[in-house]
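Participant: Okay, sequence plus prediction incoming.
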Amino acid sequence: MDGVWRHENLQLKSHLQPHVAVNQSQCITQNHSMLIISGVCICICMCGLVGNVVVVWFLGFQMKKSPFTVYVLNLAIADFSLLLFLLVKLTLHFISAVYCIFSFQYRLTNYILMDLFLFWYFASMYLLTAMSLERCLSVLFPIWYRCHRPKHLSGITCGVLWALAGLFVSLVFISCYFPLHISCERLVQGVSIVNFLIFSLFPFLSNLSLFIKLQCGSQRRHLGKLYIAVLLSVIFLFLFGFPFSVVVFLDPIYLNLFYLHISYLLASMNSSINPVIYFLVGSCRQRRFQGSMKVALRRVVFEEPEDNTTCSPRDSG
């Protein structure tokens with residue numbers, strides 16, 4: 001986000017110069033379209049916060065743990081945090097635009113919120129990718145998954161991905177805020193390319209190809225609720241989460257705050273849609289929606305495999 005941070009830095013430095021009075025109506029007029037987008041995004045964030053809190057509550061305190069509850073729980077925490085920080089950031093932007101508040105404290109807060117938002121955005125993308133890939137493995141190699149899968153693989157994977165997100169954000173923060181030899185623009189674009197290829201395009205294509213293989217192959221197989229939920233989440237990640245990566249990539253070259261707010265809106269939709277997906281997929285029975293959110297979650301994450309594969313001593317050894 002080098003372009004956004006350079007824009008913030010210019011306004012931050014201008015605040016240290018002699019104050020120039022700004023007409024309040026002029027502030028609102030200049031930010032009219034972005035204020036509308038911010039208002040819609042704030043509403044979506046509030047709805048998404050409620051949905052992710054429900055998921056965290058049920059999976060964290062009401063249900064037993066399973067390999068996929070660990071992924072879903074971590075993903076819900078990441079999405080909740082992203083929506084919370086985005087809600088605070090956009091609320092501050094809304095207030096500053098309406099009342100023409102562009103103080104040093106406001107700019108400094110924006111710095112911090114931008115870094116935290118980037119961290120949660122990376123973590124959410126990485127966790128969903130890991131969950132989708134493990135689900136693909138469980139479908140393609142059911143015997144290995146049931147008999148040879150390491151017991152704590154989900155927890156270890158989530159921990160590594162949280163650390164990876166923190167590492168990337170720390171590198172971006174250091175390169176963009178401190179006078180080091182690391183090029184901020186190249187680092188931001190490099191991280192954006194890695195996120196696109198490995199954590200956006202790859203899970204999208206792999207899950208889509210697996211879906212086509214299972215549905216159009218000679219041996220057509222039934223798709224479970226968990227696989228459908230993961231597939232839908234990956235599709236929405238590609239549609240709603242990917243535009244923010246594009247804006248991050250283009251920021252050092254072409255900075256447009258309107259497109260940045262559009263990407264915020266899509267990112268908020270991406271982090272708010274997963275609880276809806278869990279409910280719709282888990283409660284859909286015979287083309288009718290039945291049951292509560294807790295029942296729907298249980299049907300999704302504790303779905304029994306279609307086959308009755310058992311682990312023999314040779315398999316488990």
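Facilitator: Thanks, I have the structure now.
Participant: For the rest of this, base every contact and every neighbour count on C-alpha atoms.
Facilitator: Fine.
Participant: what bits of the stretch 101-250 of the chain have low per-residue confidence?
Facilitator: Low-confidence segments of the stretch 101-250 of the chain (pLDDT under 70): 101-104, 179-180, 217-221.
Participant: just the helices in it please.
Facilitator: In the stretch 101-250 of the chain, helices defined by DSSP state H, counting those that start in this stretch lie at 104-140, 142-147, 153-177, 184-196, 202-216, 225-236, 242-250, listed in chain order.
Participant: Show me the contact partners of the fifth one.
Facilitator: For helix 202-216, the surrounding residues in contact (C-alpha atoms under 8 Å, 6 or more residues apart in numbering) are 129, 132-133, 136, 220-223, 231, 234-235, 238.
Participant: Tell me the most packed of these, by neighbour count.
Facilitator: Ranked by the number of neighbours (other C-alpha atoms under 10 Å), these place residue 234 first, at 28 neighbours.
Participant: wait, what's in contact with that residue?
Facilitator: Applying C-alpha under 8 Å, 6+ apart, one finds that residue 234 lies in contact with 128-129, 132, 200, 203-204, 207.
Participant: For residue 201, give its distance to residue 193.
Facilitator: Separation of residue 201 from residue 193 (C-alpha to C-alpha, to the nearest Å) stands at 10 Å.
Participant: ok, now residue 273?
Facilitator: 25 Å.
Participant: Counting neighbours, go ahead and name the busier of these two.
Facilitator: residue 273 (21 against 17).
Participant: quick one, what contacts the most centrally placed residue in the chain?
Facilitator: Ranked by distance to the mean C-alpha position of the chain (C-alpha atoms, centre = their mean), the top residue is residue 124 at 3.6 Å. Shown in contact with residue 124 (C-alpha under 8 Å, 6+ apart): 75, 78-79.
Participant: ok, those vs residue 149, which is closest?
Facilitator: Residue 149 has its nearest neighbour among the contacts of residue 124 in residue 75, at 21.0 Å by C-alpha to C-alpha.
Participant: Would you agree the closest one is in contact with residue 130?
Facilitator: No. When contacts are counted by C-alpha atoms under 8 Å, residue 75 is not listed as touching residue 130 (10.3 Å).
Participant: Compare those two and say which is more crowded by neighbours.
Facilitator: residue 75 (26 against 18).
Participant: who's in contact with the more buried one?
Facilitator: Contacts of residue 75 by C-alpha under 8 Å, 6+ apart are 123-124, 127-128.
Participant: would a markdown table of those residues with distance to residue 161 be doable?
Facilitator: Below are the contacts of residue 75 laid out as a markdown table (distance: C-alpha to C-alpha, whole Å):
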| residue | distance to residue 161 |
| --- | --- |
| 123 | 7 |
| 124 | 9 |
| 127 | 7 |
| 128 | 10 |
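Participant: List just the nearest of those residues to residue 156.
Facilitator: Of all the contacts of residue 75, residue 127 has the smallest distance to residue 156: 11.6 Å, by C-alpha to C-alpha.
Participant: now that closest one: how far from residue 99?
Facilitator: 39 Å.
Participant: before we move on, what about residue 223?
Facilitator: 53 Å.
Participant: Repeat that for residue 243.
Facilitator: Taking C-alpha to C-alpha, one finds residue 243 at 30 Å from residue 99.
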